[in-house]
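K.L.:
Dropping a prediction and its sequence here:
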Number of protein chains: 2
Amino acid sequence: MPAVHKLLLEEALQDSPQTRSLLSVFEEDAGTLTDYTNQLLQSMQRVYGAQSEMALATEQLSKQLLEYEKQNFALGQGDVEVITILQDFAKAVEELNALHAELATMLANGMVFPMVTFREKDLTEISTLKDIFSIASDEHEASMVKYSRLPKKRENEKVKADVVAEVAYTRRKQHQASMQYYCAHNALQHRKRVAMLEPLLGYSQAQVNFFKKGVDLVSKKMDGFLSRASRTTQSIQAQLESETEDMRSSQRELLSVEDTVYTPTTTTTLSTALSYRRLATSTSGTKRA
Amino acid sequence: MPAVHKLLLEEALQDSPQTRSLLSVFEEDAGTLTDYTNQLLQSMQRVYGAQSEMALATEQLSKQLLEYEKQNFALGQGDVEVITILQDFAKAVEELNALHAELATMLANGMVFPMVTFREKDLTEISTLKDIFSIASDEHEASMVKYSRLPKKRENEKVKADVVAEVAYTRRKQHQASMQYYCAHNALQHRKRVAMLEPLLGYSQAQVNFFKKGVDLVSKKMDGFLSRASRTTQSIQAQLESETEDMRSSQRELLSVEDTVYTPTTTTTLSTALSYRRLATSTSGTKRA
């Protein structure tokens, strides 16, 4: 296979059917490239969107964890340990969140931006130059039509000279436009390859940076947190189990009583029970009857 | 400050206003906890959702990159190098995607699931036991009302015995229900601390695993890719620059001609130009006139 196909600028003036035909191959290629670029850009924007959302979600999680201590739990005591761990953890999540935000920014700058630029600059340039070339061709054609309709008579020498000048002018314009258009197509064949690789470089650099900083963060912060939090969890769990066992046995004991315990003895029991109920439903946690 | 407050099972039978009042403090605490749990769970589900979306987005990106070679570019030659790099890169992204998917699964199992379980099991249990306790209290009260309305007459000894038995039965039931309810509240004070820490352990373990495997992946795959792709990009860029320079100078040269080049000499020029145009617009890339 030959090296990259090229539109030869030398052919622009002659504008032969062969050159036009080769040009149409370049145009077809640019069309396919535009479609593919749009799809790839969508995938990249989706990755960026997911990463942004991850940064926002992580931020919300770390804020939500810090909300725990502000909850005004009616029974707050004993939570100091949990609160300290949550604060430490929220700090680690915040740092992780900074990494997520940095990754999102790097993806935007290093992956999405070059791809958008390629579309907006290179692909748009091709279509603009195509339009300019087409207008210049039309103008040249129109002047040629005028030229072919010139009367052969001598006395029209002045008119003829004007038309000839117009043909020369429009042909130069078309020549210029076609060479610019060819140049853009030739460049696009290189640019498209760079355009495919550049965002991937940006993506990879962002990921390498993210993982290298991340592994540092998790080994410094989370490993310590993990062992501390699992120690606390285990101790609470052990406490819970022993208490559950205690409660179960005292429940068994308290229920293994004679029915006499439940038998009413005086009628005051009712008024007592009812007044208790009224009090219980009307009092707050602090008011005691 | 004392250790964790506790509802004493021994107080359940007496069901005093003091105990009811302490119980209401526990109920208030459980209410606050339920609200907080729901918010925290939402934040966690958002993190999980973002991670899932990231896995899907990364998968789509790697597929989209592999689509490049299937695009039937009209000018495909010279792309072999780019295609090879894209394939390598897509493989690295696929592996990264596997890590993202694993992270999403670990977040689901280690963070969201324990939190959902806490809500569905512990918090729901509290509210179910509250209902059962309330029904048992109502039944006991109703039987006490019956008991208080018993006529004092001797001949009703049988009826009285029945009502007394009913009171004993409902009071035992209430006693049992209240002790279960107290037990659940006492346990919840421990469970809530575990419930806050467990998902964070799951989250941290998932992140540690993700970053440790990720840094391995990026240093093995992406570092190599990065240097290779940037070498290729630079060489294409250099090629492009030198060609652009060439094209620019030949464009200058080709345009620095006398107007005579553009001046029509015979009338055949028109028909030639027009027939070219017709051919160019009707021929495909393969057909040459």
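P.N.:
Thanks, I have the structure now.
K.L.:
Every contact and neighbour count from this point should use C-alpha atoms.
P.N.:
Noted.
K.L.:
residue ranges with poor pLDDT in the stretch 51-200 of chain A?
P.N.:
Residues of the stretch 51-200 of chain A meeting the criterion pLDDT under 70: A:77-78, A:154-155.
K.L.:
now the strands: where do they sit in it?
P.N.:
Counting by DSSP state E, counting those that start in this stretch, the stretch 51-200 of chain A has no strands to list.
K.L.:
which residues in it form helices?
P.N.:
Listed in chain order, the helices of the stretch 51-200 of chain A (DSSP state H, counting those that start in this stretch) span A:80-107, A:113-117, A:124-148, A:157-217.
K.L.:
Any idea which of those gets closest to residue B:187?
P.N.:
helix A:80-107 (16.1 Å; C-alpha to C-alpha).
K.L.:
and the angle from the closest one to helix B:157-217?
P.N.:
Interaxial angle, helix A:80-107 versus helix B:157-217 (axes from the mean of the first three to the mean of the last three C-alpha atoms, to 10 degrees): 40 degrees.
K.L.:
Is any residue of helix A:80-107 near chain B?
P.N.:
Yes - counting by C-alpha under 8 Å from any C-alpha of the partner chain, chain B is contacted by helix A:80-107 at A:82, A:86, A:89.
K.L.:
With distance to residue B:240 and neighbour count as extra columns, can I get those in a markdown table?
P.N.:
Below are these laid out as a markdown table (distance: C-alpha to C-alpha, whole Å; neighbours: other C-alpha atoms under 10 Å in any protein chain shown):
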| residue | distance to residue B:240 | neighbour count |
| --- | --- | --- |
| A:82 | 61 | 20 |
| A:86 | 56 | 23 |
| A:89 | 51 | 24 |
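K.L.:
so which of the residues you listed would you say is closest to chain B?
P.N.:
If you rank the residues of helix A:80-107 next to chain B by distance to chain B using C-alpha to the nearest C-alpha, residue A:82 comes first, at 6.4 Å.
K.L.:
Surely residue A:176 touches residue B:255?
P.N.:
Yes - at 7.2 Å, residue A:176 counts as touching residue B:255 under the criterion of C-alpha atoms under 8 Å.
K.L.:
Who has more neighbours out of the two?
P.N.:
residue A:176 (21 against 16; other C-alpha atoms under 10 Å in any protein chain shown).
K.L.:
Okay, that one and chain B: tell me how far apart.
P.N.:
For residue A:176, the distance to chain B (C-alpha to the nearest C-alpha, to the nearest Å) stands at 7 Å.
K.L.:
before we move on, what about residue A:187?
P.N.:
Relative to chain B, and taking C-alpha to the nearest C-alpha, residue A:187 is found at 7 Å.
K.L.:
Just name the closest of the residues of helix A:80-107 next to chain B to residue A:159, please.
P.N.:
Of those, the one sitting nearest to residue A:159 (C-alpha to C-alpha) turns out to be residue A:89, at 88.3 Å.
K.L.:
Is the residue lying closest to that closest one once chain neighbours are set aside in a helix, a strand, or coil?
P.N.:
What sits nearest to residue A:89 in space, not counting adjacent residues and going by C-alpha to C-alpha, 6 or more residues apart in numbering or on different chains, is residue A:225, at 7.0 Å. The local conformation at residue A:225, judged by DSSP: H, G, I helix; E, B strand; the rest coil, is helix.
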